[in-house]
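**Q** sequence plus predicted model, see below.
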Amino acid sequence: MLNDTMNSLKIDDISKGVNKKIIKDNFSRYAHLYDRYSAIQSSCAEKLIDQITPRCLKRILEVGCGTGNYTRLLRDRFSAVKIKAVDISSKMIKVARTKLNVEQIEFIVADAEKFNLKEKFDMVSSNASFQWFENLEESLAKYKKMLVKDGIILFSTFGPRTFWELHKSLEEFCGRSLEISAGNFVDKVKIKHLLESLFRKSRIKEKIYKEQYSSLGELLKKIKYTGARGKGLTKRCFWTRNTVLGLENIYMRKFKAIVVTYQVFFCRGIR
């Protein structure tokens, strides 16, 4: 399994910024394995659903529904609500449909940054997907227009401190300064400013999650199967067993374990 992971994952696959085609392909290729490796995303979904205050909701737009784990929480909490769930990957949507074959959920395959709907929603919500957006400001402004008066936008998104241990270990191993995908995620100050400029009321809270892995190979599988690979570069620097062992030695020396930080922002805005 480790050899399969190394053969398809390049060092530069987790560096630099966001490429929508690569993101879409990554999620689609491993949609059938996503749930097995997405414990952090599931934890975020559970915390996000608990932040919805009791109110009358008739229509919800979910952005970046993936395999439908957060969709199921929304359905269970609001059984009478009509939900439109959007994702860029048809394979992810296929998994979600299999889980949630119910009439009140309409699944849509589309790039959530580009599509537009004329109808209005009581809530627009998204769990752990906005970090992959190319222009969060434009997207938030668009979703605001889709909300009814006093409608809510509620979302979680990963911050730039995510995977910082891997980042530091990679820099030492490669002997050069580099950026990983997470380093380009929008930071808390920028998100706070966007929310305050667009919405009548807003709030942002930060939570740090930690995961520990038995080996670097296990971490690489997590990155591979949850689609968190960002934008590949033209330089083809493939993982090899020696690469993994060398990087793992640096990781252990610096942090005493293969531990990973996930910085998550939980955000709310009221139109």
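**A** On my side now, so go ahead.
**Q** CA atoms of the lengthiest helix in the chain as CSV?
**A** In the chain, with assignment by DSSP state H, the single longest helix is helix 241-255. The C-alpha trace of helix 241-255 is given here as CSV (Å, rounded to 0.1, in the frame of the first residue of the first chain):
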residue,chain,number,x,y,z
ARG,A,241,11.1,4.6,0.0
ASN,A,242,14.3,6.4,0.8
THR,A,243,12.5,9.8,0.5
VAL,A,244,9.9,8.6,2.9
LEU,A,245,12.4,7.3,5.4
GLY,A,246,14.6,10.4,5.2
LEU,A,247,11.6,12.7,5.7
GLU,A,248,10.3,10.6,8.5
ASN,A,249,13.6,10.8,10.3
ILE,A,250,13.5,14.6,10.1
TYR,A,251,9.9,14.7,11.2
MET,A,252,10.6,12.5,14.3
ARG,A,253,13.6,14.5,15.2
LYS,A,254,11.8,17.8,15.0
PHE,A,255,8.4,16.7,16.6
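**Q** buried sites along it?
**A** 244, 247-248, 250-251, 255 (16 or more other C-beta atoms under 10 Å). Placement of C-beta: from N, CA and C, glycine included.
**Q** for the record, mean pLDDT for that helix?
**A** Helix 241-255 shows a mean pLDDT of 92.
**Q** ok, the buried residues of helix 241-255 vs Leu140, which is closest?
**A** Checking the buried residues of helix 241-255 against Leu140 by C-beta to C-beta gives Phe255 as the nearest, at 34.8 Å.
**Q** where are the low-confidence patches of the stretch 151-271 of the chain?
**A** 227-239 (pLDDT under 70).
**Q** in it, which spans are helices?
**A** Here the stretch 151-271 of the chain has its helices, by DSSP state H, counting those that start in this stretch, at 164-174, 188-198, 216-225, 241-255.
**Q** looking at these, which is nearest to Leu117?
**A** It's helix 188-198; of the helices of the stretch 151-271 of the chain, that one is closest to Leu117 (C-beta to C-beta) at 18.1 Å.
**Q** I'd like to know which elements the closest one is packed against.
**A** helix 136-145, strand 201-213, strand 258-270 (3 or more C-beta pairs under 8 Å, 6 or more residues apart in numbering; DSSP states H and E).
**Q** and the angle from the shortest one to strand 258-270?
**A** I take that to be helix 136-145. Inter-element angle recorded for helix 136-145 and strand 258-270: 40 degrees (by axes from the mean of the first three to the mean of the last three C-alpha atoms, to 10 degrees).
**Q** neighbouring contacts of helix 136-145?
**A** Here helix 136-145 makes contact (C-beta atoms under 8 Å, 6 or more residues apart in numbering) with 61, 63, 112-113, 116, 124, 130, 133, 153, 186, 191, 194-195, 198-199, 269, 271.
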